[in-house]
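Enquirer: Fold the stuff below for me.
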Amino acid sequence: MIKLGVTTLAGLQAPRTWLGQEKHVSLLLLADPALSSPEPTGHHERIVKRVLLADRTWRETALGRLRTLDRLAVDLLRERRAAGSHLRVFDLAASSGCTSVEFYRALRESFAVDFVASDRTRDVLAVRARGSRLTTVVDARRGDVLQYIMGPFVLPGQGRESAVYPVNRLVRLLCARARSQQLRDIAASPAVRECEPFSWVMTSNHEVMKLPLLSRECLSLLKHDPHFCFEVTDILQPLDGTADVIRAANILHGQYFRPHDIRTALRNCLHALSDGGMFILGRSPTDDPTAVRATIFTKRTGGVDAIARLNGGSESELLVYDSLA
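Expert: Alright, predicted model coming up:
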C-alpha cells in the first residue's frame, strides 16, 4: 500500500488515510504565503504537530492549550506582586511559541515583562540538490534528517515507517542515500546560518531554505517587540541567567526523559529561579485547556513550596523535591 503526504494547505483538511493513519505533512508548507498574518487558525500547528525531532520529542502544540494554567498563574502572581512590577520569564520547551505568545500577553496585562521562550530546536533547513526532485529537511543545528519530500511523498526522517506501507519504506530507503556528512556541512555553512527565513539560497550546489518551526504570530512578535525573544536551550544544561517565573510544560515527564534526567532538568530550573519566584510544572494530555495537570511552586530559601495544583498536580511533582535532596 501507499501513503501519500500532505503537500498543500488544502490537504490539511484531510489529514488521514482511508485506514485512519495520519499523513505526514510537508514542512515546506511553512513557507506558503497564505500563512502570512493574519494566520489561518490552527494551520501552523497542523503542519508541525507530528514532526518527530532528532531528540525524539514531538512538536505538538495548539493555541489555547495552556489557557487555564496561564490564568491560574497570572492570578497567583497578582496576589504576590505589585501591579506593573518587572518580571523576567523563561518558558521552556516552547515548541512553536504560540502558547508562549499567549502567556506573554496575559502577563503583560498586569506586569512589565521580559520574556524568553526557548526550545532545543528552533529552525530546520530544506535542502535539495540543483535539479533534484528530492527535498531533505534537516535540523539546522546538527543536520539530522527530519523529513524527506519527493513529489507526493512526505516521509519521516526519524522513527519507523509502518510496514503497512512497503512502497513508502522503499522510497524512504532510496531518499536516505544522501550523505549525512554533506548535510551537516551544508547546515553549518555561514551562508545558510545567516540567511533570512523562507528564502532559497545557494551553497555547495544545493538550494537551501531556512524554515523556523515558529508560528507566524511568534515570528512577528520577535520582530517587533524587544521584550520577547526565542532562544535555543537544552533543558538538561544549566540555564542562562535567572528568572522570576519559569514554566516547563509538556516536557518533563516519562515519555521524553528518565527520572534521573528529569531531576537534572528540575535542578537547572530551580537554580535559575529567583528567591520568591514561581515555577510552573505541567502537562496537557489533550488540547483541552481544562485537562492540564500542573503544580505551581514558589521558591524559598532551601526549598520550594507547592502553592496550587490543577487536576491533582503534575505527575513529576515528587521529582521536584527529589531534585533538591
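
Enquirer: where does the residue nearest the centre of the chain fall, phi/psi-wise?
Expert: Nearest to the geometric centre of the chain sits Ser95, at 1.6 Å (Cα atoms, centre = their mean). Note on Ser95: its backbone torsions stand at phi 60, psi -120 [degrees, to the nearest 10].

Enquirer: same check, this time on Leu221
Expert: The phi/psi pair for Leu221 (degrees, to the nearest 10) reads phi -70, psi -40.

Enquirer: Contacts only, for the nearest residue to it once chain neighbours are set aside.
Expert: Among residues not flanking Leu221 along the chain, Phe228 sits closest, at 4.9 Å (Cβ to Cβ, 6 or more residues apart in numbering). For every residue, glycine as well, the C-beta is placed using N, CA and C. Going by Cβ atoms under 8 Å, 6 or more residues apart in numbering, Phe228 touches Val101, Tyr104, Phe115, Ala117, Leu221, Leu222.

Enquirer: Closest to Ala163 out of those residues?
Expert: Ala117 (38.5 Å; Cβ to Cβ).

Enquirer: if I read this right, Thr99 contacts Leu69, doesn't it?
Expert: No: using Cβ atoms under 8 Å, Thr99 is not in contact with Leu69; the gap is 9.3 Å.

Enquirer: pLDDT weak spots in the stretch 1-150 of the chain?
Expert: Filtered on pLDDT under 70, the stretch 1-150 of the chain yields the residue ranges 19-20, 37-41.

Enquirer: For it, which segments count as strands?
Expert: Taking DSSP state E, counting those that start in this stretch, the strands of the stretch 1-150 of the chain run over residues 86-92, 112-119, 123-129, 134-139, 145-150.

Enquirer: Direction included, what does the first one pair up with?
Expert: I take that to be strand 86-92. Within its sheet, and counting by DSSP bridges, strand 86-92 is paired with strand 112-119 (parallel), strand 243-249 (parallel).

Enquirer: CA atoms of it as CSV?
Expert: Provided in CSV are the C-alpha atoms of strand 86-92 (Å, rounded to 0.1, in the frame of the first residue of the first chain):
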residue,chain,number,x,y,z
HIS,A,86,9.0,43.8,36.5
LEU,A,87,9.1,40.0,35.7
ARG,A,88,11.7,38.0,33.8
VAL,A,89,10.1,34.9,32.5
PHE,A,90,11.6,31.7,31.0
ASP,A,91,9.2,29.5,29.0
LEU,A,92,10.9,26.1,28.4
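
Enquirer: can I get the strands of the stretch 1-150 of the chain in CSV with mean neighbour count?
Expert: Listed next are the strands of the stretch 1-150 of the chain as CSV, based on neighbours: other Cβ atoms under 10 Å:
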stretch, mean neighbour count
strand 86-92, 21
strand 112-119, 22
strand 123-129, 21
strand 134-139, 22
strand 145-150, 22
